[in-house]
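Q: Take a look and give me a structure for this.
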Amino acid sequence: MRVVFSRVLAGAALAVLLVMGNNAGADAAQVTRTLEENTRITPPGVIVAKRSEIPMFKKGTVVTLNEYGEVLEGTLAEDISLPYETGKSEGAARMSYTPPTYMYVPMYVDSGPRYRILPFKGDTRVVFNDRGEVVFGTISGAAQSIMLDYSNHILVADGEISFHKNGMLASCTLNDDSFLRPAGWQQLLNDNFKDNVACPGYVEFKGKKPVKLNEKGEVLFGTLDKDTKLPGYNKFATGVVAKLLYEAGTEVELDGKGVVVKATKK
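A: Numbering: from 1, shown residues only. Modelled structure (predicted):
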């Protein structure tokens, strides 16, 4: 009996050590380091790079490194062009419109690498994914074209920018007044037809203002360029949703169903 009991205790102790070892490894996967001088550090996924293509991080700031010493987050010391989130092929951005099943829509799928580059501003924070692509940063310079999918691009102004894991733009500043579909656009197919523009479900959002999009490219936050009808909560009937008219220049925040949960007139 004593032998069996001793074996049980030894086994339990070994299990605890293994668990502690695994946790320690998990904690050690990422480390932070304060830079004593401006330092070039490669992000994950780099196969080849010229010196000028390796991002330089600012002296006196903290960088986050993975277990191999590749940079995951830090403050840039200078302006540099870097690749941004492409999304994995199996998680590629899907358009929010699905054609009826009886329609045949030929599609071209390119599974090869995509070269997507943006200029990022020095003295600002940048965050990389595990493929070395920027998922958050601050772009600089003139209007930049962002690829949303194989046939759609959007012009963004300088400022903070971020991406969803599927490669879809998550937040940016619009460069121009732009027509985009808000979340829940199916409820607004023809409500905002005006000025000889009849685009089902689209709303015009104001340029030089921030927008936030969901993973399908539908707007969750933005500033209206024209008087616009959107689903909102009726002030006189608690919890009741109705189509309300919001004035041009109103900053709107929508929930996942496309209902306005906050509206601020700027």
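
Q: what about stretch 74-90, average pLDDT?
A: Per-residue pLDDT over stretch 74-90 has a mean of 87.

Q: residues of it that come out buried?
A: The neighbour-count check on stretch 74-90 (16 or more other CB atoms under 10 Å) flags 74, 75, 76, 77, 80, 82, 83, 84, 85, 86, 87 as buried. Every residue, glycine included, has its C-beta placed from N, CA and C.

Q: who's in contact with the first one?
A: What it means is residue 74. Applying CB atoms under 8 Å, 6 or more residues apart in numbering to residue 74 gives the contacts 41, 55, 57, 58, 61, 62, 63, 64, 125, 126.

Q: and what of the second one?
A: Applying CB under 8 Å, 6+ apart to residue 75 gives the contacts 57, 58, 61, 62, 63, 123, 124, 125, 126.

Q: That one belongs to a strand, doesn't it?
A: Yes - counting by DSSP: H, G, I helix; E, B strand; the rest coil, residue 75 is located in a strand.

Q: Kindly provide the distance from it to residue 60.
A: The gap separating residue 75 from residue 60 is 9 Å, by CB to CB, to the nearest Å.

Q: Equivalent analysis for the last one, please.
A: Counting by CB to CB, the separation of residue 87 from residue 60 is 34 Å.

Q: How about the backbone phi and psi for the nearest residue to residue 181 once chain neighbours are set aside?
A: Ranked by CB to CB, 6 or more residues apart in numbering and with sequence neighbours excluded, the top spatial neighbour of residue 181 is residue 201, at 4.9 Å. When read as degrees, to the nearest 10, the backbone of residue 201 gives phi 90, psi 0.

Q: which residues sit in contact with residue 201?
A: With CB under 8 Å, 6+ apart, residue 201 has these contacts: 181, 182, 185, 186, 188, 189.

Q: same thing with residue 183?
A: 214, 218, 219, 220, 254, 255, 256, 257, 258.

Q: Of those residues, which belong to strands?
A: Among the contacts of residue 183, the members falling in strands (DSSP state E) are 219, 220, 254.

Q: Among the residues you listed, the buried ones, what's the PyMOL command?
A: Filtering the ones in strands among the contacts of residue 183 down to the buried ones (16+ other CB under 10 Å) takes a single PyMOL command:
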select buried, resi 219+220+254
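
Q: Throw the ones in strands among the contacts of residue 183 into JSON lines and include pLDDT and distance to residue 164, thanks.
A: Formatted as JSON lines, the ones in strands among the contacts of residue 183 follow (pLDDT from 0 to 100; distance: CB to CB, whole Å):
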{"residue": "219", "pLDDT": "98", "distance to residue 164": "14"}
{"residue": "220", "pLDDT": "98", "distance to residue 164": "12"}
{"residue": "254", "pLDDT": "97", "distance to residue 164": "17"}
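
Q: hmm, back to that, of the contacts of residue 201, closest to residue 195?
A: residue 188 (16.3 Å; CB to CB).

Q: Skipping adjacent residues, who's closest to that closest one in space?
A: Residue 188's closest residue in space is residue 201 (CB to CB, 6+ apart), at 5.5 Å.

Q: Kind regards, and thank you for your time.
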